[in-house]
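# Predicted model and sequence below, questions to follow.
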Protein chains: 6
Amino acid sequence: MATYGLVEYEDASPAVRAIYDEIRAVRQTDYINNFWKALAHNPATLRRTWEGVKEIMGPGGALDPLVKEMIYIAVSATNGCGYCVASHTAAAKKAGMTPAMFGELMSVVGMANETNRLAVGCQIEIDERFRTSQVP
Amino acid sequence: MATYGLVEYEDASPAVRAIYDEIRAVRQTDYINNFWKALAHNPATLRRTWEGVKEIMGPGGALDPLVKEMIYIAVSATNGCGYCVASHTAAAKKAGMTPAMFGELMSVVGMANETNRLAVGCQIEIDERFRTSQVP
Amino acid sequence: MATYGLVEYEDASPAVRAIYDEIRAVRQTDYINNFWKALAHNPATLRRTWEGVKEIMGPGGALDPLVKEMIYIAVSATNGCGYCVASHTAAAKKAGMTPAMFGELMSVVGMANETNRLAVGCQIEIDERFRTSQVP
Amino acid sequence: MATYGLVEYEDASPAVRAIYDEIRAVRQTDYINNFWKALAHNPATLRRTWEGVKEIMGPGGALDPLVKEMIYIAVSATNGCGYCVASHTAAAKKAGMTPAMFGELMSVVGMANETNRLAVGCQIEIDERFRTSQVP
Amino acid sequence: MATYGLVEYEDASPAVRAIYDEIRAVRQTDYINNFWKALAHNPATLRRTWEGVKEIMGPGGALDPLVKEMIYIAVSATNGCGYCVASHTAAAKKAGMTPAMFGELMSVVGMANETNRLAVGCQIEIDERFRTSQVP
Amino acid sequence: MATYGLVEYEDASPAVRAIYDEIRAVRQTDYINNFWKALAHNPATLRRTWEGVKEIMGPGGALDPLVKEMIYIAVSATNGCGYCVASHTAAAKKAGMTPAMFGELMSVVGMANETNRLAVGCQIEIDERFRTSQVP
């Protein structure tokens, strides 16, 4: 159970309900997942986090929403966060991620984690050209 | 300097030279970056790592090479690996990443890192529906 | 179950029992939590770890014990350690942490995790003034 | 150098300048540190991050601003983010952190990192009482 | 359950079966653990990962297989990966790890995690002699 | 520079000098590395850390000192701690680590980091037999 339990809609303050309503409208589902119900004990964090997620993860940007969900999975797997891996994998599947795409995502995540540690473990210095070719 | 220094082409064994040659051919550049030169002290690791990277990061799969480079950056930033952030940001730019795409990539990476820790810190349990809706 | 099971008081060696007794006395509770019972297979580690925790987390220092418990939660959430989040959240509540304090703690933890990765991902150099203004 | 360089005030768009002005006013200093100048290439991320930091780190909440700066350092050290350790250590000193407080902060950070890994490495299960005593 | 479930032998393609057969032969057991069955949805990743593990973890190298299993546990505990801690602890026990060896392994893992964060948190620069004494 | 600078022998208190003297005696070198000089601002942390390192890393236990140094490097590379990678690689070389041993160490570290994230990213459950075969 979350640290202070989950805030259900019927027990929520008007401010929290308004955010729950918006989550439902934006996501076109009645389901509010545990993450939001656990944050609701701190309405300011709930609001700020939801507004960030809504602004960042939605359509209309330079990156496709499915690409963003896969990046989210990559970070969550790297951080070892089971909750976010589960919730964003569900979201990615809903957004069209195929088993083949997931398989490649995992292979990149695995390889990056491997080489990240090799680079540090072998004390490799950044190539001068990677430092200077910074301008687009 | 890397733990045992960098193996330059002229000092490399035939086996290492063959891999350097292939890196140059696949990447269409004469430049071999420090990562490979540092791994070259252990030819088996050099070969296995290069074959993995070549197989995973190239074109022709379910994910676009640029998407894979951005996933690589996401993992590397999350792991705090300056070397891999620098080298894969250079690769992503070469593959067409625009400043707007990079900006969105960073916003997803930041948000995922934030919510990963909130989920753990608030001891949030995985929603039953995320556990069971596992089949594609 | 822990790797070699849990060492219960009645099965413990005199050296382990002495530490259990001290934990009970210092914490004013009969309860010995799983962490100590799992470490007890290696009495030297049990002793060293307990002495460190006792010395560091107790009252009388420059930081309030509750502040130290919240710092402990912050680290544990960042490392994704469910056990330590749970045990130190219980300890922090006992030491007086209110829901409002926990909410703010989580918001700082979330924000720090976000900006940590942005700083690395954007390859931001440390400002000269942060390097040189080191003296108190 | 940051991925797309640093946006100086004189080169900034009106939207970015407005945020820079607010940072200066809130922090009562003319200095804008590299973090904000690097984020400024993505004004939406700059704005969202600044508003989050301003809302979270300021006075008037349940936690003292200095406590929040120390929590920030704890997370940043745990994530290995040199930039954030340097900038928030400077902020904490400005907010009154003494060498003794910093010494204790580090000892808690060190101990928490140690026990986090022991708990995972020894496969210790969460005590039932930590799971159920969740209500404040 | 794994993201796309587990691929049992009887449902596996010939390519996957061949790898399962090899795992059984090399490990001298009929048991295929969940890790391989979950990867099997992506045969290329299954093959590459198995070939890497087989090449790296086997006997005949400069490091003893048991030492390699303990290094694997050290990394897995540090990353907070419960699955890999469990599976490689089982492997290490099979390879001869005694409780005393495990106890010392954990004490090194704990101490390293502690000092890693102290070094970053205290902003300690690398000693010149550690930088230059790179040649064997 | 470390947060409060480095405490040189001639400026150290008698208590700190005593520890420096012991470090020199145990390590059979006059050199005190930056890590200890930076911790010396907090003598209690200096003492506790040194006593832990001395107790854990020395000879006479169930694990060879060189094996322990390699485990230390594995953890430090996984945590991205450049300082500890550098200092413990120097120590491991002094203790007899050959390039071939280092190469294998890195290959295990890389592989473990890769599979750690695959296990989490693919949401793989721990095999029942790994849970129950806990007794030596």
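All right, it came through fine.
# Specify the angle between the helix with the most length in chain A and helix F:99-121 in degrees.
Longest helix of chain A, by residue count under DSSP state H: helix A:99-121. Put simply, helix A:99-121 runs at 140 degrees to helix F:99-121, going by axes from the mean of the first three to the mean of the last three C-alpha atoms, to 10 degrees.
# hey, C-alpha coordinates of helix A:99-121 in PDB?
Taking Å, rounded to 0.1, in the frame of the first residue of the first chain, the C-alpha atoms of helix A:99-121 are listed here in PDB:
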ATOM      1  CA  PRO A  99       6.600  -7.000 -29.800                       C
ATOM      2  CA  ALA A 100       9.300  -6.400 -32.300                       C
ATOM      3  CA  MET A 101       9.600  -2.700 -31.300                       C
ATOM      4  CA  PHE A 102       9.700  -3.700 -27.600                       C
ATOM      5  CA  GLY A 103      12.400  -6.300 -28.400                       C
ATOM      6  CA  GLU A 104      14.600  -3.700 -30.100                       C
ATOM      7  CA  LEU A 105      13.900  -1.200 -27.300                       C
ATOM      8  CA  MET A 106      15.200  -3.700 -24.700                       C
ATOM      9  CA  SER A 107      18.300  -4.500 -26.800                       C
ATOM     10  CA  VAL A 108      19.200  -0.800 -27.000                       C
ATOM     11  CA  VAL A 109      18.600  -0.400 -23.200                       C
ATOM     12  CA  GLY A 110      20.700  -3.500 -22.500                       C
ATOM     13  CA  MET A 111      23.600  -2.400 -24.800                       C
ATOM     14  CA  ALA A 112      23.600   1.200 -23.400                       C
ATOM     15  CA  ASN A 113      23.700   0.000 -19.900                       C
ATOM     16  CA  GLU A 114      26.600  -2.300 -20.800                       C
ATOM     17  CA  THR A 115      28.700   0.300 -22.600                       C
ATOM     18  CA  ASN A 116      27.900   3.100 -20.000                       C
ATOM     19  CA  ARG A 117      29.700   1.000 -17.300                       C
ATOM     20  CA  LEU A 118      32.500   0.000 -19.600                       C
ATOM     21  CA  ALA A 119      33.200   3.600 -20.400                       C
ATOM     22  CA  VAL A 120      33.400   4.500 -16.700                       C
ATOM     23  CA  GLY A 121      35.100   1.300 -15.700                       C
END
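# which is the next helix or strand following that helix?
As assigned by DSSP states H and E, the chain's next helix or strand after helix A:99-121 is helix A:128-132.
# hmm, that following helix touching chain D?
Yes - counting by C-beta under 8 Å from any C-beta of the partner chain, contacts between helix A:128-132 and chain D involve residue A:131. C-betas here are computed from N, CA, C, even on glycine.
# For that helix, what is the distance to the chain centroid?
31 Å (C-alpha atoms, centre = their mean, to the nearest Å).
# Now do the phi/psi pair for the spatially most central residue of chain A.
Here the mean C-alpha position of chain A is nearest to the C-alpha of residue A:72 (C-alpha atoms, centre = their mean), at a distance of 4.0 Å. Dihedral pair for residue A:72: phi -60, psi -40, per degrees, to the nearest 10.
# Show me where chain A has its strands.
Assigned by DSSP state E, chain A shows no strands.
# Show me the domain layout of it.
Segmentation of chain A into domains, based on automatic domain parsing, reads A:1-57, A:61-136.
# Tell me which of these is the most buried.
Counting by mean count of other C-beta atoms under 10 Å in any protein chain shown, domain A:61-136 has the highest mean neighbour count of those, with a mean of 22.
# same question for that one, mean pLDDT?
What domain A:61-136 shows for mean pLDDT is 95.
# sorry, back to before: would you turn the domains of chain A into a markdown table with distance to chain F?
Formatted as a markdown table, the domains of chain A follow (distance: least, C-beta to the nearest C-beta, whole Å):
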| stretch | distance to chain F |
| --- | --- |
| domain A:1-57 | 16 |
| domain A:61-136 | 3 |
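# looking at those, which is closest to chain E?
Closest of the domains of chain A to chain E is domain A:61-136, at 3.1 Å (criterion: C-beta to the nearest C-beta).
# Could you tell me how far the closest one lies from the centre of the chain?
11 Å.
# Repeat that for stretch A:35-49.
Using C-alpha atoms, centre = their mean, the offset of stretch A:35-49 from its chain centre is 15 Å.
# does that stretch come close to chain C?
Yes - contact of stretch A:35-49 with chain C (C-beta under 8 Å from any C-beta) involves A:41-42, A:44-45, A:48-49.
# Return the member of these nearest to chain C.
Chain C lies nearest to residue A:42 out of the residues of stretch A:35-49 next to chain C, by C-beta to the nearest C-beta, at 3.1 Å.
# Just to check, the closest one is in contact with residue C:98?
No - the pair residue A:42 / residue C:98 is not scored as a contact, 11.2 Å apart, by C-beta atoms under 8 Å.
# Overlap in contacts, these two.
Common contacts of residue A:42 and residue C:98 (C-beta atoms under 8 Å, 6 or more residues apart in numbering or on different chains): none found.
# if we can go back for a sec, contacts only, for the residue nearest to the centre of chain A.
Residue A:72 is in contact with A:57, A:84, A:88, A:91-92, B:108, B:111-112, counting by C-beta under 8 Å, 6+ apart.
# quick one: which of these is nearest to residue A:10?
Set against residue A:10, the nearest of the contacts of residue A:72 by C-beta to C-beta is residue A:91 (25.7 Å).
# The nearest residue to that closest one once chain neighbours are set aside and residue A:53, how far apart?
Distances taken as C-beta to C-beta, 6 or more residues apart in numbering or on different chains put residue A:69 closest to residue A:91, at 5.2 Å, once the chain neighbours are dropped. Separation of residue A:69 from residue A:53 (C-beta to C-beta, to the nearest Å) stands at 11 Å.
# Now residue A:124, what are its backbone angles?
phi -80, psi 130.
# Quick check, it in contact with residue B:84.
No - applying C-beta under 8 Å, one finds residue A:124 not in contact with residue B:84, separated by 9.6 Å.
# picking that back up, and the contacts of residue A:72, which two are the farthest apart?
Farthest pair in the contacts of residue A:72 (C-beta to C-beta) is A:92 and B:111. Separation: 15.0 Å.
# how about stretch A:78-85, does it get close to chain D?
No - between stretch A:78-85 and chain D, judged by C-beta under 8 Å from any C-beta, nothing touches; the nearest distance is 9.3 Å.
# how far does that stretch stretch from start to finish?
Length of stretch A:78-85, first residue to last, C-alpha to C-alpha, to the nearest Å: 10 Å.
# I would like the residues contacting it, please.
The contact list for stretch A:78-85 (C-beta under 8 Å, 6+ apart) reads A:34-35, A:72-73, A:75-77, A:109, A:112-113, B:74-75, B:78-79, B:112-113, B:115-117, B:119-120, B:124-126, C:80, E:79-81, F:116-117, F:120-121, F:123.
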